[in-house]
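Student: sequence and predicted structure below; questions after.
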Amino acid sequence: MSESAIPYMVKPHPVTGIPNGKFGIWLFLASEVMLFGALFSSYVLIRTGAPHWPPEGGLSSEVLNVPLATLNTAVLITSSITMVLAWASCKMGSIPRFRLWMGATIALAFVFLVVKYFEYKHKFDLGHVPGHDNFYAIYFTMTGLHGLHIVGGIIVNGYLWGPGTKLWNTDPEHFTNRVENAGLYWHFVDLVWIFLFPSLYLL
Amino acid sequence: MDAARPTSPEARTDAAGHDDIRKHMGQYYVVFVALLCLTAVTVGVSYLHLTRPIAITVALVIASIKAGLVAAVFMHLISEKKVIFAVLLLTALFFAFLLLLPNLTVFEHHSGMLGT
């Protein structure tokens, strides 16, 4: 290993008991909790201060498309288990299986974005743009930031699925750790949606 | 605790890893089905049009159970090292602070309104 390489990417660090990469990703996720947390806090603040929610009347579940969001929830949950299976395939030493499950994860992420596109398009067609009122401002900010995280996940998972797989030939355990870290991020993105879905669509 | 874990990559990936993973595979599928069922429940409950406080409580309890399952099983928190829990504890504290602080102003505002 060259001296410039980050130490303890494969073996656990003697102090933390985990590889540095995993520790790093958990610290990153902690910062992500604060990022989304600030938006959730703003949402609660604005909503509790509004005389009616959504301001135009009706219920969130009538204004937003619950069936499509339910479908997307199922899509993300499924992509979480395919991600776990991709990592498990590495653990069991099968790169073809890894490619299969990681490919499925990426495909499901695209399905999520396509469904989201139709939801957004419908809102825009009705003139319900982010500037319409606080309800749509919050809806687009939170789902938009979440959508960007999906895009980020596609990029990382796509790299691991494609050129990143080369690492497997030289250092399989390091590659497996990368897949695990990407998985931690991906499950977090699923986790955020688990809270976004009821907060925005159902309540 | 993990001193007994074999350190050579081959040993970990091929032997210990294999059995470990196979053992957990069933767990992953159970959690997957549970997550789908809980999603159905949370959507179903929303059609009952419960009163606001009950609806919020039910939705958040179900979401927390789902989040707990994802974190514990998919993210392997159930068998994670202490340092991760230390980070998460701190995160949870700051998150609670972040969520509550701005909303305390709403509470004061409302109680002020009541007084006038």
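Tutor: Received the coordinates, thanks. Residues are numbered from 1 along each chain as shown, chains lettered A, B, ... in the order given.

Student: any idea which element the nearest residue to B:Val41 once chain neighbours are set aside lies in?
Tutor: Nearest residue to B:Val41, sequence neighbours excluded (C-beta to C-beta, 6 or more residues apart in numbering or on different chains): B:Ile62, at 6.2 Å. C-beta: built from backbone N, CA, C; applies to glycine. According to DSSP states H and E, B:Ile62 maps onto helix B:52-69.

Student: again with A:Gly158
Tutor: Assigned by DSSP H and E, A:Gly158 falls in helix A:134-161.

Student: buried set for that helix?
Tutor: Within helix A:134-161, the residues scored as buried using 16 or more other C-beta atoms under 10 Å in any protein chain shown are A:134-140, A:142-143, A:146-147, A:149-150, A:153-154, A:156-158, A:160-161.

Student: ditto for stretch A:196-203
Tutor: A:196-203.

Student: how about JSON lines for the residues you listed, with distance to A:Ala69, pLDDT and secondary structure added?
Tutor: Output for those, formatted as JSON lines (distance: C-beta to C-beta, whole Å; pLDDT from 0 to 100; DSSP: H, G, I helix; E, B strand; the rest coil):
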{"residue": "A:Leu196", "distance to A:Ala69": "9", "pLDDT": "97", "secondary structure": "helix"}
{"residue": "A:Phe197", "distance to A:Ala69": "6", "pLDDT": "96", "secondary structure": "helix"}
{"residue": "A:Pro198", "distance to A:Ala69": "10", "pLDDT": "96", "secondary structure": "helix"}
{"residue": "A:Ser199", "distance to A:Ala69": "11", "pLDDT": "95", "secondary structure": "helix"}
{"residue": "A:Leu200", "distance to A:Ala69": "8", "pLDDT": "96", "secondary structure": "helix"}
{"residue": "A:Tyr201", "distance to A:Ala69": "5", "pLDDT": "95", "secondary structure": "helix"}
{"residue": "A:Leu202", "distance to A:Ala69": "9", "pLDDT": "93", "secondary structure": "helix"}
{"residue": "A:Leu203", "distance to A:Ala69": "13", "pLDDT": "89", "secondary structure": "coil"}
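
Student: ok, A:Gly164 - contacts?
Tutor: For A:Gly164, the contact set (C-beta atoms under 8 Å, 6 or more residues apart in numbering or on different chains) comprises A:175, A:178.

Student: what's around the nearest residue to A:Asn157 once chain neighbours are set aside, how many residues?
Tutor: Closest residue to A:Asn157 apart from its sequence neighbours, by C-beta to C-beta, 6+ apart: A:Ile106 at 5.2 Å. A:Ile106 is flanked by 23 other residues according to other C-beta atoms under 10 Å in any protein chain shown.

Student: kindly report the same for A:Arg97.
Tutor: Using other C-beta under 10 Å: A:Arg97 sits among 15 other residues.

Student: low pLDDT regions in chain B?
Tutor: In the predicted model, chain B carries pLDDT under 70 at residues B:1-19, B:106-116.
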